[in-house]
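K.L.:
generate coordinates for the sequence data below:
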Amino acid sequence: MPARRSTQSAATVFLICALALVGWLIGGRDHPTTGPEGGGTAAPAGGRGTSPLQNPDGTEPGLAPLTTAEERKAGRDVIAAVATAAAGTKDGYDRDEFGPAWTDNVDGVPLGRNTCETRNDLLARDGTAVERKDGSDCTVTAMTIRDPYTGRTVRWTKQQASKIQIDHVMPLSYDWQMGADTWDRAKRVRIANDPLDLIPADGSQNASKGDSGPAAWLPADPGIRCAYAVRFAQVSPKYRLPVTGADKKAVVQQCGG
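P.N.:
Just a heads-up that it's a prediction; the model follows:
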């Protein structure tokens, strides 16, 4: 009789564990918890993103945090190369001065003239489970993406296009004020479509940023701010474009300086 009770107890434990596993699969995988602002699920540890220190041309996906002392020191070294200047005015600025939005007709940057417009290139670069329009090798219609600015994972579809927007890390109006007003059109088209300067991110974050530099705006997730600061600093020397003194101070601070 004791042996029979032991067998029954073991069977009961096995059944409870099996039911718990099924519950986890249903609740955790098929019905993920919705995050704040309807922004999706919490991103898995590590997420999908690349350290800006390992991505100097912007062709690798996403943006990964810089967490170690060595990484943050390397980030400060990148920032140290950034020149500063006083901002000019917005007089004469117009988005059209930087060419048609997301044009593929651009030379001198990765992904230019690859037959896909820049926006679709960036969605495909950073997204997973990417779906495309029937008959098209370019037009992204759905994907899953880790938004680096909030740290959340979002399932995006073209029907909700504004949910994920393409952020110019160094905004075009900012470029204009810092010297791009004197550039030729071809150089302005390059910076507007350079993957180094472009990150798909939460639409409300992009809208709140506007044309602000890092002294006035930073991503909502504090853990990504040093990486964002480095990405901002990488664009500046590539285009010999200075930043304001306040913005340089702000980016240094994000990496512990």
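K.L.:
C-alpha from now on. contacts and neighbour counts both.
P.N.:
OK.
K.L.:
which helices and strands does the top strand by length along the chain pack with?
P.N.:
Across the chain, the longest stretch assigned as strand under DSSP state E is strand 140-147. Secondary-structure packing of strand 140-147 (3 or more C-alpha pairs under 8 Å, 6 or more residues apart in numbering; DSSP states H and E): helix 118-126, strand 127-132, strand 152-157, strand 198-202.
K.L.:
cutoff 6 Å now
P.N.:
On a contact count with 3 or more C-alpha pairs under 6 Å, 6 or more residues apart in numbering; DSSP states H and E, strand 140-147 meets strand 127-132, strand 152-157.
K.L.:
give the next helix or strand downstream of the last one.
P.N.:
Think strand 152-157. Moving toward the C-terminus from strand 152-157, the next helix or strand (DSSP states H and E) is strand 164-168.
K.L.:
ok, residues contacting stretch 72-83?
P.N.:
Residues from elsewhere that reach stretch 72-83 (C-alpha atoms under 6 Å, 6 or more residues apart in numbering): 230, 233, 242, 255.
K.L.:
how deep is residue 96 tucked in, by neighbour count?
P.N.:
11 (other C-alpha atoms under 10 Å).
K.L.:
actually, residue 93.
P.N.:
Neighbour number of residue 93 under other C-alpha under 10 Å is 17.
K.L.:
ditto for residue 55
P.N.:
16.
K.L.:
residues contacting the residue minimising distance to the centre of the chain?
P.N.:
The residue lying closest to the centre of the chain (C-alpha atoms, centre = their mean) is residue 199, at 3.9 Å. Going by C-alpha under 6 Å, 6+ apart, residue 199 touches 166, 167.
K.L.:
dig out what it forms beta bridges with.
P.N.:
Residue 199 has these beta-bridge partners by DSSP bridges: residue 167.
K.L.:
got the contact list for the longest strand of the chain?
P.N.:
120, 127-133, 152-158, 201.
K.L.:
so how far is residue 239 from residue 83?
P.N.:
11 Å (C-alpha to C-alpha, to the nearest Å).
K.L.:
er, residue 212 actually
P.N.:
Taken as C-alpha to C-alpha, the span from residue 212 to residue 239 is 18 Å.
K.L.:
same check, this time on residue 231
P.N.:
Distance from residue 231 to residue 239, counting by C-alpha to C-alpha: 13 Å.
K.L.:
quick one, which of the two is more surrounded?
P.N.:
Per other C-alpha under 10 Å, whichever of residue 231 and residue 239 has more neighbours is residue 231, with 28 against 15.
K.L.:
what is the burial count for the nearest residue to that one once chain neighbours are set aside?
P.N.:
Of all residues not flanking residue 231 in the chain, residue 52 sits nearest, at 6.0 Å (C-alpha to C-alpha, 6 or more residues apart in numbering). Neighbour count of residue 52, defined by other C-alpha under 10 Å: 27.
K.L.:
let me know the average pLDDT across the helix or strand where residue 70 lies.
P.N.:
In the assignment (DSSP H and E), residue 70 maps to helix 69-80. In this model, helix 69-80 has an average pLDDT of 98.
K.L.:
quick check: buried residues in that helix?
P.N.:
Going by neighbour count (16 or more other C-alpha atoms under 10 Å), the buried part of helix 69-80 is 71, 72, 73, 74, 75, 76, 78, 79.
K.L.:
again with stretch 208-223
P.N.:
So for stretch 208-223, counting by 16+ other C-alpha under 10 Å, buried means 209, 211, 212, 213, 214, 218, 219, 223.
K.L.:
ok so, going back, between the buried residues of helix 69-80, which is closest to residue 111?
P.N.:
Here the nearest of the buried residues of helix 69-80 to residue 111, counting by C-alpha to C-alpha, is residue 78; it sits at 24.2 Å.
K.L.:
residue 89 - how many residues pack around it?
P.N.:
Residues lying near residue 89 (other C-alpha under 10 Å) number 14.
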